[in-house]
Structure formats: structure tokens, C-alpha cells
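Student: Everything below, folded, please.
(one chain, ligands or ions: 1)
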Amino acid sequence: MAGSASLTITGLHAGYGAVRVLEDVGLTVAPGETVALLGTNGNGKSTLMHCVMGLVRPSQGSIRATLDGQEIDLIGHSPEEIVELGIVLVPEGRRLFPLLSVEENLLLGAWRAAARPKRLANLEFCYDCFPRLKERRRQATGTMSGGEQQMVALARAIMAEPRLLLVDEPSVGLAPLLVARTMDKIAELQRRLGLTVLMAEQNFPQAVRIADRGYVLVHGRIEYAAASAAELNENQLVRNLYFGS
Ligand SMILES: Nc1ncnc2c1ncn2[C@@H]1O[C@H](COP(=O)(O)OP(=O)(O)OP(=O)(O)O)[C@@H](O)[C@H]1O
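Tutor: Have a look, this model is predicted:
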């Protein structure tokens, strides 16, 4: 389903009016990799995700995706065009339609032109990955538990047939066991679909568990780039930020 996708960000600056958030950010995600963008609250993780999706316009820098061998400059494209390219965001806080059923939320994920004709097959794939959603497919999404809603948000993104999947803080508001399950599902989707994944997280240990490597964002700058998950685990800056030790 996925096809090859990679992302290269260089010298990125972005903010909101006079508020500067991202300063000279560079990162890469290679095809099939899961890369963690780690940072505590307010360090600019969502801003970076929103820049990739065309929701925030950077003041400087470049964001390029290579999709099936074709390199595309993403800056200047609308969020709709970016989704059409197969770059899909699972937003922080999930942003579901609470009064609609699980299945209606999932089908809304399939509006991307490439995914629309395959929506029924993709729905079956999602139900295979998330059997609980199949059981609850007629239930109003707003009445589901936080963990189940996170599964709906992930499955809705899969309905768009992403090649590059951005996941913004999937752990927010979830109990530790559900965070672990959510991470396992992201890893399963990555494996089954061959996705390229960039995931923003402040739950460092859980993110590091499924990431191939990662970056640490502090006050809008990449303070540390780790070549492996093991390196992230052992890094003193990471330990200081997360454990305060
Ligand atoms: N629309 C906006 N207008 C003005 N300032 C904003 C806006 N969105 C975010 N900010 C500010 O930008 C900074 C970075 O926020 P951002 O949401 O990118 O961080 P984050 O690392 O994703 O944190 P969180 O986990 O809390 O979402 C914060 O100081 C925030 O207040």
C-alpha cells in the first residue's frame, strides 16, 4: 500500500507572528524508518508537524519529500495537496468527530483521491489491525475510551493510504498501558504497510521503544540527533529532560 517515502528538512525557521518557535531545524526520515521527534511540552514538535502539513508557513528553510523517487518541495502546498501526496497527520488530541460512528470517522479518512476507490478494502485492513474498532463500528466515537479513540485516529489516517505518516503525541491523555499498546500498533502498521513514520512524543521511553533513531527538540532547536534508539536511551540530555536526573 505504502510505496517509498522520505522527508528532508533543512534550516527550518517558523513561528507565530513575533513568536519564534523553530530555529534552524534540520532532520531526515529515510524510507521505512520510524523516527522519533522528542521534546517536552511547548518545544515546537507540533509546529514542526504543522509546517510539514502546510498548516504553518515557515519563514525560512526547506521541507522536501521524496515519494516513489520524485522529490517535491512541500512549502507553498496547501494541506489538502499535501494529503493528496500521501503525507498524512494523526493530530495531537485526535480531532475526531465525536457524534459520528467509528465507521463514519474511518470513511472520512478516505477522501484522498488515491484512497477513495479502495476504501472498503482499507476498512477491512483497519478492522483486521484493530478488531475492537470492528466490534464498535456503529458506536459514537465520542463515547469510546481514550485508547480506543487513539486507535480510531490512527485507523482514520491509514484509510488515506499514507506513504509518510506523521503522528503527533499519540500518548497524550492515555494511561501507561494504553500508551504502550498504541506504540505497538504504530510499529505494527509501520511493519505491515512499510510506512515511513515521524512521531512527535514527550514520552521518551515509549517512543524510543519503537523508533529506529531520533532527535531531541529543546526550545525549538535540535539539541541532539541520535543515530540509534540505543544511543537515545543512553544519552544524558535525554535522561535529564525526561527523568530530571
Ligand atoms: N497558533 C499559535 N499561536 C501562537 N503561538 C503558538 C501557536 N501554536 C503554538 N504556539 C506556541 O509555540 C510554541 C511551541 O508549541 P508547539 O505546540 O509546537 O509545541 P509542542 O512541543 O508540540 O508542545 P505540546 O506538546 O504542548 O503541543 C509554544 O510556546 C506555543 O505556545
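Student: now the strands for this protein?
Tutor: Assigned by DSSP state E, the chain shows strands spanning 5-16, 19-29, 34-38, 60-67, 70-73, 87-90, 164-168, 196-201, 213-218, 221-226.
Student: what lines up beside the first one in the sheet?
Tutor: Pointing back at strand 5-16 there. Strand 5-16 has these partner strands in its sheet, going by DSSP bridges: strand 19-29 (antiparallel), strand 60-67 (antiparallel).
Student: per-residue pLDDT, E231?
Tutor: As predicted, E231 sits at a pLDDT of 88.
Student: ugh, wrong one, M1
Tutor: In the predicted model, M1 carries a pLDDT score of 47.
Student: Over to S245?
Tutor: At S245 the predicted local distance difference test score is 49.
Student: Can you check the pLDDT for the residue nearest the centre of the chain?
Tutor: In the chain, the residue lying closest to the centroid (C-alpha atoms, centre = their mean) is V167, at 1.6 Å. The pLDDT attached to V167 in the predicted structure is 97.
Student: Report the spatially nearest residue to F125, omitting neighbours in sequence.
Tutor: Of all residues beyond its chain neighbours, the one nearest F125 is I158 (7.2 Å), with distances taken as C-beta to C-beta, 6 or more residues apart in numbering. Heads up, the C-betas are built off the backbone N, CA and C, glycines and all.
Student: Next up, the contacts around the one you found.
Tutor: For I158, the contacting residues are G109, N122, F125, C126, C129, L189, L193, by C-beta atoms under 8 Å, 6 or more residues apart in numbering.
Student: measure the second one to the ligand for me?
Tutor: When C-beta to the nearest ligand atom, to the nearest Å is applied, the distance between N122 and the ligand equals 29 Å.
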